[in-house]
Structures are given as C-alpha cells and as structure tokens.
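Peer 1: What follows is a predicted structure for the sequence shown.
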Amino acid sequence: MRFVRSAQKEFEHLPAKLRNKITEALSLLSRHPYSELLNVKRLKGMNHLFRIRVGDHRVVYEVRDDVLIVVVIKIGHRSDVYKRL
C-alpha cells in the first residue's frame, strides 16, 4: 500500500475516528483490491482508478497488478474528492 503525498496529507488531517475506519478499509483493500465487501467502483472515464466509500468520504486508488501495489491517490469528502483528479 502506498500513498501519493497529497493523499497522505489529507489522511493525516482527518479526525482520528475517521482515520481508523479508513485504515480498516485499506487493510482489507490491500489484500483484496476489488472486494465486493467494500463496494469498489471503477471511476467513469478513468479506467485505471477505483473508489471505496467510508461514510461520507471516498478513497480513490489505483491497482498496479504487475507488482500488486495499491496506490491511494486521493482521500476526501464526497462533495469534492473527484475534483482535480
């Protein structure tokens, strides 16, 4: 599991309770990047990006299958997480 620097900063500024929920989701995601338990959705128009929901927040990520790395691209509230992707 890797974070883009901006996603790491977004993660660090979230409330502790939300960070814990996201950490649990990312733990499952790192083992099963396309898990139906997490309601994974492919982003329209961006075939290489996926998202999971954690409450009102979204985690946008890509999977690099050649080495099975999940790269977290962006974390944010659903109202603005998709801007500037």
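Peer 2: It's in.

Peer 1: how about the spatially most central residue of the chain, phi and psi?
Peer 2: The centroid of the chain falls nearest to V59 when counting by CA atoms, centre = their mean (2.6 Å). As for V59, its main-chain torsions (degrees, to the nearest 10) stand at phi -120, psi 120.

Peer 1: need the contact list for it.
Peer 2: 22, 25-26, 29, 51-52, 72, 74-75 (CB atoms under 8 Å, 6 or more residues apart in numbering). Just so you know, the C-beta spots here come from the backbone N, C-alpha and C atoms, and that holds for glycine as well.

Peer 1: please redo it, this time with the cut-off set to 10 Å
Peer 2: By CB atoms under 10 Å, 6 or more residues apart in numbering, the residues touching V59 are 7, 10-11, 22, 25-26, 29, 38, 50-53, 70, 72-76, 81.

Peer 1: One more: E24?
Peer 2: By CB under 10 Å, 6+ apart, the contact set of E24 is V54.

Peer 1: now do F50
Peer 2: Contacts of F50 (CB under 10 Å, 6+ apart): 29, 33-34, 38, 40-43, 59-63, 70, 73.

Peer 1: And those residues, which of them are buried?
Peer 2: Taking 16 or more other CB atoms under 10 Å as the criterion, what is buried in those is 29, 33, 38, 40, 43, 59-63, 70, 73.

Peer 1: For L18, state which of the contacts of F50 is nearest.
Peer 2: V59 (11.1 Å; CB to CB).

Peer 1: thinking again about what came up before, just the ones of the contacts of F50 in strands?
Peer 2: If you go by DSSP state E, the contacts of F50 have 41-42, 59-63, 70, 73 in strands.

Peer 1: and L85, what pLDDT?
Peer 2: Model confidence at L85, given as pLDDT, is 77.

Peer 1: surely it meets V60?
Peer 2: Yes. Using CB atoms under 10 Å, L85 is in contact with V60, at 6.7 Å.

Peer 1: Mutual contacts of those two, please.
Peer 2: With CB under 10 Å, 6+ apart as the test, L85 and V60 both reach 43, 46, 49, 73-74.
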